[in-house]
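Visitor: got a predicted structure plus its sequence, pasted below:
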Amino acid sequence: MALSVGIVCSMTVVGQKKAPRTRAGTSFQNDGVRISIKTQVIPAFEGIKFGMTFMILGQHDSYNSVTMTHPPLGPDGTTVEHWMMPINTTDLANIVVKLGSADEHPLGRWTLTTKSINGLIATTEFELVEPKPGEAHPCEFLSS
């Protein structure tokens, strides 16, 4: 179960691994992720980060699978991406998505789901929306 979902304004990337079943071809291991603004409605600013944090309890594999679904992306119309992430049972785990250029973040429903061999760990949905005219990036006022 997701403990917190929304916009992430700061985090540290601490690792990277190949993720051939994603459009980017890589996934990142993040540290210090905290949800800065709790929401499931995400304004589609280039570079905005959103996701979920959750706690993994009990016995699990050393890795869990992540599935992200979204409106069609790129020339091939990709709608589903998969990658593996290490399981951390001593701290909050996280899944964070960072939007790319304007043509790579179509508006609509995005889902994040993570599972282990024992079943569902967490899932959540986001609605990516067009920013309102004159709207500032949500993290602009939170940075110090």
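Guide: Everything's here; your move.

Visitor: C-alpha from now on. contacts and neighbour counts both.
Guide: Will do.

Visitor: please name the bridge partners of Lys49.
Guide: Beta-bridge partners of Lys49, counted by DSSP bridges, are Val8, Lys98.

Visitor: start the count at 23 instead of 1 going forward.
Guide: Will do, 23 is the new start, and the previous item becomes Lys71.

Visitor: so how far is Ala158 from it?
Guide: Lys71 sits 15 Å away from Ala158, taking CA to CA, to the nearest Å as the criterion.

Visitor: please identify which of the two sits among more neighbours.
Guide: Using other CA atoms under 10 Å as the criterion, Lys71 and Ala158 rank with Lys71 on top: 21 against 12.

Visitor: wait, that one sits on Asn52?
Guide: No: using CA atoms under 8 Å, Lys71 is not in contact with Asn52, being 12.0 Å away.

Visitor: where along this structure do the strands fall?
Guide: Along the chain, counting by DSSP state E, strands occupy 24-30, 34-40, 48-53, 59-60, 63-65, 71-76, 85-95, 100-108, 115-120, 130-138, 141-151.

Visitor: if anything else comes up later, I'll come back, but that's it for now.
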